[in-house]
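Undergrad: can you look at this prediction? I've put the sequence above it.
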2 protein chains.
Amino acid sequence: MSSHTVVALSGGVGGAKLSLGLLRILPPDALSIIVNTGDDFEHLGLRISPDIDTTLYTLADMVNPETGWGQRDETWKFMQEQAQRGGETWFKLGDRDLQVHLERTRRLQSGESLSAVTADFARRFGIAAEILPMSDDAVSTRVATSEGELGFQEYFVQRQCQPAVSGLRFAGAAAARPSAGAVAALGAKNLSAIILCPSNPWLSIDPLRALPGMRALLRASGAPVVAVSPLVGGKAVKGPTAKIMAELGLPVTPTAVVRHYADWIDGFVLDVRDAKYTDEIDMPVLLTDTLMRDIADRRRLASVTLEFAAMLTVRRAIA
Amino acid sequence: MSSHTVVALSGGVGGAKLSLGLLRILPPDALSIIVNTGDDFEHLGLRISPDIDTTLYTLADMVNPETGWGQRDETWKFMQEQAQRGGETWFKLGDRDLQVHLERTRRLQSGESLSAVTADFARRFGIAAEILPMSDDAVSTRVATSEGELGFQEYFVQRQCQPAVSGLRFAGAAAARPSAGAVAALGAKNLSAIILCPSNPWLSIDPLRALPGMRALLRASGAPVVAVSPLVGGKAVKGPTAKIMAELGLPVTPTAVVRHYADWIDGFVLDVRDAKYTDEIDMPVLLTDTLMRDIADRRRLASVTLEFAAMLTVRRAIA
């Protein structure tokens, strides 16, 4: 283990980008990423973990750069057959991608934990970071909408986030335990920072926060908890964060995100385009460019976020 | 239902070729093919029915003409990933082919029978014949070899039929029932012929014959039972029939095949290259060219085999 370790809490595409930045600037084995599994579902008999796969593919430099999810150089013969035979096609499964889903499904059915399977995938993909499912227990994000309650993938992929969201619940969360890996990573003696990645707070980070004991683990760690804003200039870079905030009756502002995270975080990384909100935010703020266009951006944002966390640690020590 | 129906008992590649010939010359819905399921196995968590798939693909004109199994215009991205990740690669699963395996696996797990799934596949593939699994109960062909007992696919695909065969057993057969579709097809009032396709008698036809009640069903049908020789000029067209016969201590002759089928059959279709064996065979023989190089050969062999069966019916009526 490295002398200082970092834990990232992450959803899919946006979180994985910052995780890649952290991976590239930290020593090997210093990074643990606790990944949302509320999006996990069974489809065509396969056990699919979209945020874990996006994290794996991104950190292994295998991700499709156009979409941010799925593998690059993917082919779609399976999907073409599926379409031709009248099967479901709303969730895209590439031919390469299928190998991951099939192997995970087989191993879960044979009794391995999602944590064990994910750790083995990360090792075989050559990723020098821990990728930790938030829980080995089933948690299912359910979206209350104008069309009734939908499963996460129904809402997100099949309905393309069209229905207006009136609420969210994380079925199973109350009885779920954080994974042993997550507990260990958050309990590491040399943990220097906990980063809430710029994933959708309501869809991707809240399932992690809904796990009993998670907040206590963060607090007990003693490490500063820093959230990176998912909004840039009042908009989400990708995905429905802004739309959902509006539908939930919230102002679409970083301030509302900070209030949502309330007493979970010690500091907030705010995009320079949203500088006007600085005074509204009643906690330490780092103002920086949070847009991650390329790998240099990811490394830089990871770097300044860790420096900000280190500053919070020092500030706390001398307070 | 057609006024006269035909039942074929079939294994994989060779049986499917003759089945296609029968399909092309018979009126729609006159043909039922009872297919060996002793080769079925679970692999990578998928339920695979090789002989059923070969029959489906052949009859739907989707089969790879080079191999006689698998789909034409197949791609192999899934297998490449599987190889790259250190997974098992000895059983080839094409990207298109995977759609069939995944859908079958999902539907079997949800409680549908193999018969129901197969019938739906045949319908969706536009096949105007019944494709009937021999049984909806599990039967597993086990091969006793010089290297110990092997599962069928281990022997056939993984070990490429290299180990010497000393015996065969069909695990589960004693407790298995012929499928309801097979019982109905063999019990049809207007059944005019039962054809044992030129599949490997020991590996592909014997599992069907091992089902309790199957012989009684054939006898009760009253239709003549005709076997088409799997040997052409003392050799198997494809596969290990000749090798297995020698390893089992049998002469590699059509006569030995006829003796193996013993009182199951009423007539035998012998290849012209093996004319010298005619006198050894103590039952009606049709001497013809049984080699099926192209679709014209398949239609012709199907046609003369049905004429031969009709002749046996007449002969029995006037005896």
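TA: Yep, it's here. Numbers count the residues shown, from 1 in each chain, chains lettered A, B, ... in the order given.

Undergrad: buried stuff in the longest helix along chain A?
TA: As assigned by DSSP state H, the longest helix anywhere in chain A is helix A:295-318. Within helix A:295-318, the residues that count as buried by 16 or more other Cβ atoms under 10 Å in any protein chain shown are A:297-306, A:308-309, A:312-313. Quick note: C-beta positions are derived from backbone N, CA and C, even for glycine.

Undergrad: out of those residues, who's nearest chain B?
TA: A:Arg298 (25.7 Å; Cβ to the nearest Cβ).

Undergrad: and that closest one, what does it touch?
TA: A:Arg298 sits next to A:17-18, A:20-21, A:24, A:292 when contact means Cβ atoms under 8 Å, 6 or more residues apart in numbering or on different chains.

Undergrad: for the residues you listed, which two are the farthest from each other?
TA: Across these, the longest distance by Cβ to Cβ is 12.0 Å; it joins A:Arg24 and A:Met292.

Undergrad: who has more neighbours, the two?
TA: Remark: of A:Arg24 and A:Met292, A:Met292 carries more neighbours, 22 against 15, as counted by other Cβ atoms under 10 Å in any protein chain shown.

Undergrad: for that one, what are phi and psi?
TA: Backbone torsions of A:Met292, given as degrees, to the nearest 10, read phi -110, psi 90.

Undergrad: A:Leu20 versus that one, what's the distance?
TA: 9 Å (Cβ to Cβ, to the nearest Å).

Undergrad: what do you get for A:Ile34?
TA: Between A:Ile34 and A:Leu20 the distance is 16 Å, computed by Cβ to Cβ.

Undergrad: what is the neighbour count of A:Ala128?
TA: Close neighbours of A:Ala128, defined as other Cβ under 10 Å, add up to 14.

Undergrad: actually A:Ser229, sorry about that
TA: Using other Cβ under 10 Å, A:Ser229 is surrounded by 25 other residues.

Undergrad: ok, the closest residue to it other than its chain neighbours - how many residues close by?
TA: Leaving aside its chain neighbours, A:Ser229 sits nearest to A:Pro254 (4.9 Å; criterion: Cβ to Cβ, 6 or more residues apart in numbering or on different chains). Neighbourhood size, A:Pro254 [other Cβ under 10 Å]: 28.

Undergrad: pLDDT at A:Pro254, what is it?
TA: For A:Pro254, the model assigns a pLDDT of 97.

Undergrad: now swap in A:Gly172 and tell me
TA: A:Gly172 is assigned 97 on the pLDDT scale.

Undergrad: residues contacting it?
TA: By Cβ under 8 Å, 6+ apart, A:Gly172 lies in contact with A:137-140.

Undergrad: by neighbour count, which of those wins?
TA: Top of the contacts of A:Gly172 by neighbour count (other Cβ under 10 Å): A:Val139, with 23 neighbours.

Undergrad: so what's A:Ala138 up against?
TA: Contacts for A:Ala138 were tallied using Cβ under 8 Å, 6+ apart; they are A:40, A:172, A:176.

Undergrad: can you rerun that using 7 Å?
TA: A:Gly172 (Cβ atoms under 7 Å, 6 or more residues apart in numbering or on different chains).

Undergrad: how about A:Phe308?
TA: A:226, A:267, A:269, A:286.

Undergrad: which of those fall within strands?
TA: Among the contacts of A:Phe308, the members found in strands (DSSP state E) are A:226, A:267, A:269, A:286.

Undergrad: dump the residues you listed to CSV, plus distance to chain B and neighbour count.
TA: Output for the ones in strands among the contacts of A:Phe308, formatted as CSV (distance: Cβ to the nearest Cβ, whole Å; neighbours: other Cβ atoms under 10 Å in any protein chain shown):
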residue, distance to chain B, neighbour count
A:Val226, 35, 22
A:Gly267, 39, 23
A:Val269, 36, 24
A:Leu286, 39, 20
